[in-house]
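Trainee: A predicted structure for the sequence below; I have some questions about it.
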Amino acid sequence: MNKSSLISDISNAAIDAGKFLIESAKSFDIEKVETKGENNFVSYVDKESEKILIDKLSKIIPKSGFIAEESGSKEIKNEWVWVIDPLDGTTNFIHGIPLYSVSIGLLKDGELFAGVIYEPNINELFHAIKGEGAFLNGKRIFVTKTSELKDSFWATGFPYSDFDMMDKYINFIKFSIENTHGIRRLGSAAVDLAYTACGRLDGFFEFGLSPWDVAAGALIVKEANGKVADFKKGNDYIYGKEIIACNHALFESFYAEFNRIYFSK
């Protein structure tokens, strides 16, 4: 497989879907939004964007499977499996906030192989292939070198339906506000991970996530020399619904405080 051609083809699919999102935003009708669950929204834009991706990606690798947010496909036994979010940041989109993304991850035999994240509002395309580094609009990117928690800058997200651990999570948010440069809630986990990979953020953490939220971004962070783990320092961050991503220098000090507060009795 020609890796350069593969990334080019995936990127073109993401850009096409992103163009559709931008055009749709111009005349979007919030009254047409559907509710999948508590505070979990979907629109015809999500569905059409996913159709665009599935059509184009299926042609790149015939007989590939899909783990897709809107269609619910879970053909994970295929050698090649796409993990796609056609509109990561739906709530931002339906409220007219111009921060959302198209996220495309590619698994080979269950392992992350390639990832593309496209933020159409500012025309930024992040990509990575395993072992080949991470890039933003063709330029190599790296995570930050920040080593002290007090000097770090983070992003997170808040769960919209799973509130079981909310009190402890809020306690850690309070700690982060008091002991770092600040914390942001951008509304797109894929963008949070992309911004961590290129050094705009020192790190990102969140729970209640799905594979399509993190598959592409996790690989991009790793290929930018970053560290990615679940909340127990393990590797179950694709399917485990939780992720911590940052540089290696920060990880241990961040995790020590996170573990102390989040897992306290």
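Mentor: Nice, thanks for sending it over.
Trainee: biggest helix in this structure by residues?
Mentor: helix 3-25 (DSSP state H).
Trainee: run through who's touching it.
Mentor: For helix 3-25, the external contacting residues (Cβ atoms under 8 Å, 6 or more residues apart in numbering) are 45, 48-49, 52-53, 56-57, 60, 86-87, 93, 96, 98, 100-102, 104, 106, 114, 116-121, 125, 127, 129, 132. Placement of C-beta: from N, CA and C, glycine included.
Trainee: elements contacting the one helix or strand Lys227 maps to?
Mentor: Lys227 is part of strand 226-229, with elements assigned from DSSP states H and E. Strand 226-229 is packed against helix 211-223, strand 242-247, helix 248-262, with contacts defined by 3 or more Cβ pairs under 8 Å, 6 or more residues apart in numbering; DSSP states H and E.
Trainee: any idea how far that strand is from the chain center?
Mentor: Chain-centre distance of strand 226-229: 13 Å, with Cα atoms, centre = their mean, to the nearest Å.
Trainee: related to what we said a few turns ago, PyMOL command to pick out the buried ones of the contacts of helix 3-25?
Mentor: In PyMOL, this line selects whichever of the contacts of helix 3-25 come out buried by 16 or more other Cβ atoms under 10 Å:
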select buried, resi 45+48+49+52+53+56+57+60+86+87+93+100+101+102+104+106+114+116+117+118+119+120+121+125+127+129
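Trainee: this structure: strands as residue ranges?
Mentor: Using DSSP state E, the strands found in the chain span residues 34-37, 40-42, 65-68, 80-88, 101-108, 111-119, 124-129, 134-136, 139-140, 153-156, 182-184, 203-207, 226-229, 242-247.
Trainee: in a markdown table: these, plus mean pLDDT.
Mentor: Formatted as a markdown table, the strands of the chain follow (pLDDT from 0 to 100):
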| stretch | mean pLDDT |
| --- | --- |
| strand 34-37 | 54 |
| strand 40-42 | 50 |
| strand 65-68 | 92 |
| strand 80-88 | 96 |
| strand 101-108 | 98 |
| strand 111-119 | 98 |
| strand 124-129 | 98 |
| strand 134-136 | 98 |
| strand 139-140 | 98 |
| strand 153-156 | 97 |
| strand 182-184 | 95 |
| strand 203-207 | 95 |
| strand 226-229 | 98 |
| strand 242-247 | 97 |
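Trainee: for those strands, give me CSV that also has distance to Asn259.
Mentor: Output for these, formatted as CSV (distance: least, Cβ to Cβ, whole Å):
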stretch, distance to Asn259
strand 34-37, 30
strand 40-42, 29
strand 65-68, 29
strand 80-88, 28
strand 101-108, 27
strand 111-119, 25
strand 124-129, 28
strand 134-136, 27
strand 139-140, 33
strand 153-156, 16
strand 182-184, 18
strand 203-207, 12
strand 226-229, 11
strand 242-247, 10
